[in-house]
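J.: Build me a model:
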Amino acid sequence: MAHDFAFRIDTTRFDEDYSPSEASRLTTNFANLARGEHRRQNLRNALDMIERRVNDLAGGHDANGDRYGVELEIVSAELLLSGGGADREFPLIEVLDVTIVDRRTGERHAGIVGNNFSSYVRDYDFSVVLPAAKEAAGAPTIPDDFGELHGRLFERFLESAAYRERFAQPPVVCISVSTSRTYRRTGTTHPVLGVEYEQDALSATDDYFGRMGLRVRNFMPPGGVAPLALYFRGDLLADYSDLQLAGTIGVMETFQRIYRPEIYNAGTAAGKVFRPSLEHDDWSRTEIGYDREERSRLAVTQGRYTAEHLMGPHGDALAQWAAERPVLAR
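T.: Got it, this is the predicted structure:
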């Protein structure tokens, strides 16, 4: 049976009127914020935090600190499947695209695509594959090929006409640093990204993103209290403008302050040596509701959904198709 796969991109405006679609992966930061009685206020508060932080980092040189506006779009990549029947589609990846609007000049600046990263196949890997490997081995274990298919699918997406027609640069993903690693300051500083930290060893997440052809650097931005992990290709400091980097930090530091306030809304900034922990007491909540327990439950549900609707019927064909080209070197 012949199998052909392709990608299609849809976009959804992320603003105070945003409501998750039926196909959206509900564990994403933006989908979690957009449910419940206070959904509109949640979204409004988060977007206000993002704009304030971007203006703080970008140095707009205006007394009001509101020169730059931020517009966000959710980029949904669907995998189109065909062979032996009617064409079907599967919601593969969701990322965020940032546009920064200069209110003084009217110019619109393309930011960085990526930022938040959401993937059904990643849910499958961590919620189905890893538990099964642990049960078979009788102890926690990571298979040698763990994340390989996901990495190749990501690579094929970046190579696709759907991606290249819309985005001129590779993505940058920005997430929380790992609570399993220790981080130490280096001598590198950047005007927007701030102080660089190096981890004592790669985390499981670092390895997983490595399968996607992305390497990691960790920076604590000016005015921040903890480093963020940035995953990228090429040269992070040279390939993107300070304004683009300010957009990514403003968006993702805001999400982390909401999602992991124990680390990113802590009362004391990280020192020269930093071990992230969710057990610290010196932190404050934002006024934005976020359900971490629901997020964990949904990850398992979505992993099982992927096993049933994608990996079961199409896994072997996907692996063969995705392996036709190797993942690019980081």
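
J.: so which helix or strand takes in Pro91?
T.: Assessed by DSSP states H and E, Pro91 sits inside strand 88-102.

J.: Check the offset of stretch 66-84 from the chain's centre.
T.: Here stretch 66-84 is found 12 Å from its chain centre; the criterion is Cα atoms, centre = their mean, to the nearest Å.

J.: again with stretch 98-108
T.: Counting by Cα atoms, centre = their mean, stretch 98-108 comes out at 24 Å from the chain centroid.

J.: now what about it, what contacts it?
T.: Applying Cβ atoms under 8 Å, 6 or more residues apart in numbering, the external contacts of stretch 98-108 come out as 54, 58, 60, 62, 66-73, 109-113, 115, 243-244, 246-248, 251. The way it works is simple: take the backbone N, C-alpha and C, and place the C-beta from them, glycine included.

J.: out of these, which are buried?
T.: With neighbours counted by 16 or more other Cβ atoms under 10 Å, the contacts of stretch 98-108 contain buried members at 54, 58, 60, 67-68, 70-73, 110-113, 115, 243-244, 246-248, 251.

J.: circling back: quick one: mean pLDDT for the strand holding Pro91?
T.: Mean per-residue pLDDT for strand 88-102: 93.

J.: Stretch 275-291 too?
T.: Mean predicted lDDT for stretch 275-291 stands at 83.

J.: now stretch 46-65
T.: 88.

J.: Look up the closest residue to Ile93, ignoring the ones flanking it.
T.: Spatial nearest neighbour of Ile93, chain neighbours left out: Ala77 (4.3 Å); criterion: Cβ to Cβ, 6 or more residues apart in numbering.

J.: any idea which helix or strand carries the one you found?
T.: Using DSSP H and E, Ala77 falls within strand 68-82.

J.: now the angle from that strand to strand 88-102?
T.: 170 degrees (axes from the mean of the first three to the mean of the last three Cα atoms, to 10 degrees).

J.: So which residues of this protein form helices?
T.: For the chain, the helices defined by DSSP state H occupy 29-33, 39-58, 120-124, 130-137, 148-159, 161-164, 204-211, 236-239, 242-259, 261-264, 292-306, 312-322.

J.: what residue ranges in the stretch 1-150 of the chain score low on pLDDT?
T.: For the stretch 1-150 of the chain, the stretches flagged by pLDDT under 70 are 1-3, 21-37, 60-61, 82-87.

J.: would TSV of the helices of the chain with distance to Leu81 be doable?
T.: Shown next, in TSV, are those (distance: least, Cβ to Cβ, whole Å):
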stretch	distance to Leu81
helix 29-33	24
helix 39-58	33
helix 120-124	13
helix 130-137	24
helix 148-159	12
helix 161-164	15
helix 204-211	22
helix 236-239	33
helix 242-259	31
helix 261-264	38
helix 292-306	13
helix 312-322	6
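
J.: I'd like to know which of those lies nearest to Ala270.
T.: Ala270 lies closest to helix 261-264 among the helices of the chain, at 8.8 Å (Cβ to Cβ).

J.: Counting by contacts, list what the closest one packs against.
T.: Packed against helix 261-264 by the contact rule (3 or more Cβ pairs under 8 Å, 6 or more residues apart in numbering; DSSP states H and E) you find helix 242-259.

J.: Could you export the helix it packs on as CSV, CA atoms only?
T.: Provided in CSV are the C-alpha atoms of helix 242-259 (Å, rounded to 0.1, in the frame of the first residue of the first chain):
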residue,chain,number,x,y,z
ASP,A,242,17.6,42.0,19.4
LEU,A,243,14.0,42.9,18.7
GLN,A,244,13.2,39.4,17.6
LEU,A,245,14.8,37.9,20.7
ALA,A,246,12.9,40.4,22.9
GLY,A,247,9.7,39.1,21.4
THR,A,248,10.5,35.5,22.1
ILE,A,249,11.7,36.2,25.7
GLY,A,250,8.7,38.4,26.4
VAL,A,251,6.3,35.7,25.3
MET,A,252,7.9,32.7,26.8
GLU,A,253,9.1,34.2,30.1
THR,A,254,5.5,35.3,30.7
PHE,A,255,4.2,31.8,30.1
GLN,A,256,6.8,30.4,32.5
ARG,A,257,6.0,32.9,35.2
ILE,A,258,2.4,31.7,34.9
TYR,A,259,3.2,28.0,34.5
